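> What follows is a predicted protein model with its sequence.
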Amino acid sequence: MGLNLESLSEATSGAIGALVSTTVLYPLDTCKTKYQAELQARRHQKYRNTADVLWEAISTRQILSLYQGLGTKNVQSFISQFLYFYGYSFFKRLYLEKTGAKSIGTKANLIIAAVAGACNVIIIQPLDIASSKMQTSAFGKSKGFWATLSEGTWKDIFDGLSVSLLLTSNPSIQHAYDVSNECVISHQYTVFDQLKQRMLKGKLHGKIGNQMSPEALSALSAFALGALSKCIATSVTYPAIRCKVTIQAAKTEEEKHNDAELKARKTLLGAAHAIWTKEGLFGFFKGIQAQLLKTVFGAALHLMIKEKITKITWVLILALRRYLFITRSRLKSA
């Protein structure tokens with residue numbers, strides 16, 4: 001099929017949107033992750049809520065530590081979203097070409113989104129592990145990317161991979177309510193993508209030269225749909241999210257002496273059992289308010305930025321292709 005410009009445009013604009021939203025909301029993400037990672041009986045908990053994490057950073061004059069691991073997280077977000085968006089758009093286009101269908105159904109949309117998400121998760125898992133460990137390290141004591149990964153074995157680099165693969169259903173759910181066009185955005189989430197297609201139904205694509213430009217929602221519509229779809233997806237999959245953070249979290253000073261317990265928590269069932277034993281049923285939803293706030297606004301901001309820069313990205317890609325074509329032609333004629 002070759003390099004598809006629409007897929008490339010979707011991937012680039014999605015990756016840029018992820019980069020901006022991740023940077024803007026990173027302090028909230030750090031507070032949320034540190035709170036989720038704490039696994040203690042209620043009477044022994046250091047943090048009562050995410051605000052306590054923020055207050056600890058302020059009181060210890062470690063505000064900048066709320067950004068520990070930002071570089072790794074940004075690299076992870078950019079690569080992840082680029083791979084996801086390109087993969088989803090590529091597989092969707094391949095499906096339409098092979099089947100001859102004019103539109104893609106919800107079931108096929110979910111499967112394609114899950115496949116794209118699974119491929120993406122396997123590739124970026126080491127970055128996910130490193131960023132989680134940096135965020136959950138004590139303020140001011142976070143290590144660099146390589147130092148963080150070198151603390152464990154190669155097997156440790158893929159801790160929580162099974163849960164991450166399970167969570168590819170999160171983007172798929174978000175993408176599925178959009179009905180008829182993206183796994184965990186314009187073509188990323190099933191929820192978002194289906195709603196987007198309904199809203200854009202009857203609207204014409206813009207045309208740039210002899211190329212049709214991608215459809216784009218207004219900033220407000222993209223923000224609202226992104227928030228709604230991500231809220232649904234996050235609520236459904238939150239217990240798995242809590243288990244994933246528990247598995248990937250760095251060792252705290254209190255836990256270092258209990259290697260047997262830490263080893264048991266490296267599996268989904270082990271993490272679930274530990275949460276149930278120490279915190280009960282509600283422990284599976286610990287920090288869900290902060291998670292919803294962060295993921296909903298993050299996804300909404302991400303989608304809004306992506307939708308608004310899609311056409312700009314499209315124009316730049318066409319201009320670059322034209323420049324390369326002219327340059328190659330001149331070199332051949334020289």
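All right, it came through fine.

> rest of the way, CA atoms for contacts and neighbours
OK.

> for the stretch 51-200 of the chain, what are the low-confidence residue spans?
Low-confidence segments of the stretch 51-200 of the chain, defined by pLDDT under 70, span residues 169-200.

> So Pro126 sits against Lys155, correct?
No: Pro126 is beyond contact range of Lys155, at 10.2 Å (criterion: Cα atoms under 8 Å).

> Of these two, which one has the most company?
Of the pair Pro126 and Lys155, Pro126 is the one with more neighbours under other Cα atoms under 10 Å, namely 20 against 7.

> got the contact list for the more buried one?
Leu149, Ile157, Phe158 (Cα atoms under 8 Å, 6 or more residues apart in numbering).

> Now it: which helix or strand?
helix 106-136 (DSSP states H and E).

> Buried ones in that helix, by neighbour count?
Using 16 or more other Cα atoms under 10 Å as the test for burial, helix 106-136 gives 106, 109-121, 124-136.

> Likewise for stretch 18-38?
Across stretch 18-38, burial judged by 16+ other Cα under 10 Å covers 18-23, 25-38.

> quick revisit: and of the contacts of Pro126, the nearest to Leu165?
Set against Leu165, the nearest of these by Cα to Cα is Phe158 (11.3 Å).

> show me what contacts the closest one?
So Phe158 contacts Gln125, Pro126, Ile129 (Cα under 8 Å, 6+ apart).

> What's the separation between it and Phe85?
23 Å (Cα to Cα, to the nearest Å).

> Repeat that for Thr33.
25 Å.

> and what of Ile247?
27 Å.

> now do Leu281
35 Å.

> Same drill for the two, tell me which one is more crowded.
Phe85 (33 against 13).

> Just the element for the closest residue in space to that one that isn't next to it in sequence, please.
The shortest distance from Phe85 to any non-neighbouring residue, by Cα to Cα, 6 or more residues apart in numbering, is to Ala11 (4.5 Å). Using DSSP H and E, Ala11 maps to helix 5-24.

> Would you check that Val20 makes contact with Ala300?
No: shown here, Val20 and Ala300 do not form a contact pair, counting by Cα under 8 Å, at 11.7 Å.

> So Tyr84 versus Arg321, what's the distance?
23 Å.
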